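**Q** sequence-free structure coming up:
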């Protein structure tokens, strides 16, 4: 979501302010920090970065400094107090207002702050999409109404709001015209999408189905989903849409039902397993990635053992896993937490080692096989190779003679599994 928001902020500024992007803050007239508050210490990092930017402003008083995203929503006026040299503060739902916030003169005492939640207005204000590669994000909803006890997102991004389907299909069509062949639907709970069109209520499954018929769409992904919203229609679409990849990111957070209840996740591990099992009946090669929180307040050794049982049962392909960090204003901060930090670190180490072993094992299993891959560009470490991605989102580097392959789906024979990527060669039928 933050990558998408950053790209859209640039698009808006290019459209309204005729800006160009520079990699060097020293050369910039505008520096914007797009922030995320999902983990602790994000606020400290923002103030640290602002301290460095202050020195640039001392050298160039005309420099405009802005803070956007979830930390901006959370900290708001505190940023103005601690860093009064900041020119504008905007939330993730008001990035479309950045051009007008840049124009506000601070001499009058007016502070350029807008951290409200006009999500529909934001969607309506987005300029024509642009893309620099064959893969692109498409935002279909924002916000969250689940209110998990550990999560700050509903407070920083607001409740769930779905985007008009006409806007979504128009964006996809325009991206395809620019050479995009893979789209990833994104949202905080992307599979809670629900909006009417021509008297019919559309869900994520409908967006996937309809988008698969847009000429040029070769691959479809979605993230991040919630287990509660993995409804029958979404599970069934794996049967009817071959462009939908055999990869699913489905955050489980814990394998203990007692902890899931404390987290207010409102599903059980049995429900989670059932969802994965049903999709695998259609897609036996499905790779599942997930999110885990270790050391949630009150997590016992038995609770953690249940998480490890789930990990070993599903054999997750990859994950984002962290030690629980209390977020300001969330209910979980009031829970008793008797587990030591050292114990939490040890549990996280065990979890990550097991998850990494499955990831490597899955990569080794691919050796000698043929993978259908989307060619995404020149390899990062070698100009003599192209880079592609498998359905399960692994990077494959391979030798090439024709760069026109970029944006195409091709068959690649996997020669070797490396630590963080695969080495392959073009498969000739």
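**A** On my side now, so go ahead. These numbers come from a predicted model, not from an experiment.

**Q** which regions of this protein lie under the pLDDT threshold?
**A** The chain contains residues with pLDDT under 70 at 40, 105-111.

**Q** Going along the chain, name the helices of it.
**A** Secondary structure of the chain, counting by DSSP state H: helices at 2-17, 42-59, 70-75, 77-82, 98-103, 119-125, 153-157, 165-177, 204-211, 232-240, 257-262, 269-282, 301-314, 341-366.

**Q** Which of those helices has the highest mean neighbour count?
**A** helix 70-75 (a mean of 24; mean count of other C-beta atoms under 10 Å). Just so you know, the C-beta spots here come from the backbone N, C-alpha and C atoms, and that holds for glycine as well.

**Q** Remind me what it packs against, helices and strands.
**A** Here helix 70-75 touches strand 30-35, helix 42-59, helix 153-157, going by 3 or more C-beta pairs under 8 Å, 6 or more residues apart in numbering; DSSP states H and E.

**Q** which one of those lies closest to residue 398?
**A** When the helices and strands packed on helix 70-75 are compared for distance to residue 398 using C-beta to C-beta, the nearest one is strand 30-35, at 33.7 Å.

**Q** show me what contacts the closest residue in space to residue 379 that isn't next to it in sequence?
**A** Spatial nearest neighbour of residue 379, excluding adjacent residues (C-beta to C-beta, 6 or more residues apart in numbering): residue 385 at 3.8 Å. Contacts for residue 385 (C-beta atoms under 8 Å, 6 or more residues apart in numbering) come out as 378-379, 397-400.

**Q** In the residues you listed, which residue is surrounded by the most others?
**A** Highest neighbour count within the contacts of residue 385, by other C-beta atoms under 10 Å: residue 398, with 23 neighbours.

**Q** How about the contacts made by residue 249?
**A** By C-beta under 8 Å, 6+ apart, residue 249 lies in contact with 223-225, 288-290.

**Q** mind putting these in TSV, neighbour count and distance to residue 127 included?
**A** Converted to TSV, the contacts of residue 249 look like this (neighbours: other C-beta atoms under 10 Å; distance: C-beta to C-beta, whole Å):
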residue	neighbour count	distance to residue 127
223	18	24
224	16	25
225	21	28
288	22	36
289	19	32
290	23	35
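
**Q** ok, residue 366 touching residue 414?
**A** Yes. The pair formed by residue 366 and residue 414 meets the contact definition of C-beta atoms under 8 Å, at 4.6 Å.

**Q** So for the two, which residues contact both of them?
**A** With C-beta under 8 Å, 6+ apart, residue 366 and residue 414 have common neighbours residue 422.

**Q** Next, give phi and psi for the residue lying closest to residue 257 once chain neighbours are set aside.
**A** Closest residue in space to residue 257, ignoring its immediate chain neighbours: residue 268 at 5.0 Å, by C-beta to C-beta, 6+ apart. Reported as degrees, to the nearest 10, the phi and psi values for residue 268 are phi -110, psi 170.

**Q** okay, the helices and strands packed on helix 70-75 in TSV with distance to residue 14 next?
**A** Converted to TSV, the helices and strands packed on helix 70-75 look like this (distance: least, C-beta to C-beta, whole Å):
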stretch	distance to residue 14
strand 30-35	12
helix 42-59	22
helix 153-157	24
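
**Q** Which one, of those, ends up nearest to residue 422?
**A** Taking those one by one with C-beta to C-beta, strand 30-35 is closest: 31.4 Å.

**Q** Strand partners (parallel or antiparallel) of that closest one?
**A** strand 64-69 (parallel) (DSSP bridges).

**Q** Name the surrounding residues that touch the strand it pairs with.
**A** By C-beta under 8 Å, 6+ apart, strand 64-69 touches 2, 5, 9, 29-37, 46, 50, 53, 57, 75, 79, 85-92, 95, 98, 101-102.

**Q** Quote the end-to-end distance of stretch 65-77.
**A** Start-to-end span of stretch 65-77 (C-alpha to C-alpha, to the nearest Å) is 15 Å.

**Q** Would you confirm that residue 151 contacts residue 328?
**A** No. With contact defined as C-beta under 8 Å, residue 151 does not count as touching residue 328 (11.8 Å).

**Q** Which one of those two is surrounded by more residues?
**A** Remark: of residue 151 and residue 328, residue 151 carries more neighbours, 22 against 12, as counted by other C-beta under 10 Å.

**Q** Show the backbone phi and psi for the nearest residue to that one once chain neighbours are set aside.
**A** Spatial nearest neighbour of residue 151, excluding adjacent residues (C-beta to C-beta, 6+ apart): residue 330 at 6.5 Å. As for residue 330, its main-chain torsions (degrees, to the nearest 10) stand at phi -90, psi 150.

**Q** from memory residue 169 sits against residue 209, does it?
**A** No. Using C-beta under 8 Å, residue 169 is not in contact with residue 209, being 11.8 Å away.

**Q** Roughly how far does the residue nearest to residue 257 sit from residue 96?
**A** Distance check for residue 268 against residue 96: by C-beta to C-beta, to the nearest Å, it reads 40 Å.

**Q** Who has more neighbours out of the two?
**A** residue 96 (21 against 14).

**Q** how much space is there between that one and residue 80?
**A** Noted for residue 96: a distance of 21 Å to residue 80, by C-beta to C-beta.

**Q** try residue 155
**A** With C-beta to C-beta as the criterion, residue 155 and residue 80 are 19 Å apart.

**Q** Spit out the contact partners of residue 238.
**A** Contact analysis of residue 238 by C-beta under 8 Å, 6+ apart lists 244, 246, 279, 282-283.

**Q** Also residue 127?
**A** 11-12, 14-15.

**Q** Quick check: of these, which lies closest to residue 391?
**A** Nearest to residue 391 out of these is residue 11 (C-beta to C-beta; 28.7 Å).

**Q** Please name the nearest non-neighbouring residue to that closest one.
**A** Nearest to residue 11 is residue 127, by C-beta to C-beta, 6+ apart, at 5.1 Å.

**Q** what's the answer for residue 362, then?
**A** With C-beta to C-beta, 6+ apart, the residue lying closest to residue 362 is residue 317, at 5.6 Å.

**Q** Neighbours of the one you found, how many?
**A** By the criterion of other C-beta under 10 Å, residue 317 has 22 neighbours.

**Q** Surely it and residue 358 touch.
**A** Yes. Using C-beta under 8 Å, residue 317 is in contact with residue 358, at 6.7 Å.

**Q** mind listing what the closest residue to residue 185 other than its chain neighbours touches?
**A** Distances taken as C-beta to C-beta, 6+ apart place residue 222 nearest to residue 185, at 4.2 Å, with adjacent residues excluded. Contacts for residue 222 were tallied using C-beta under 8 Å, 6+ apart; they are 184-186, 190-191, 204, 208.
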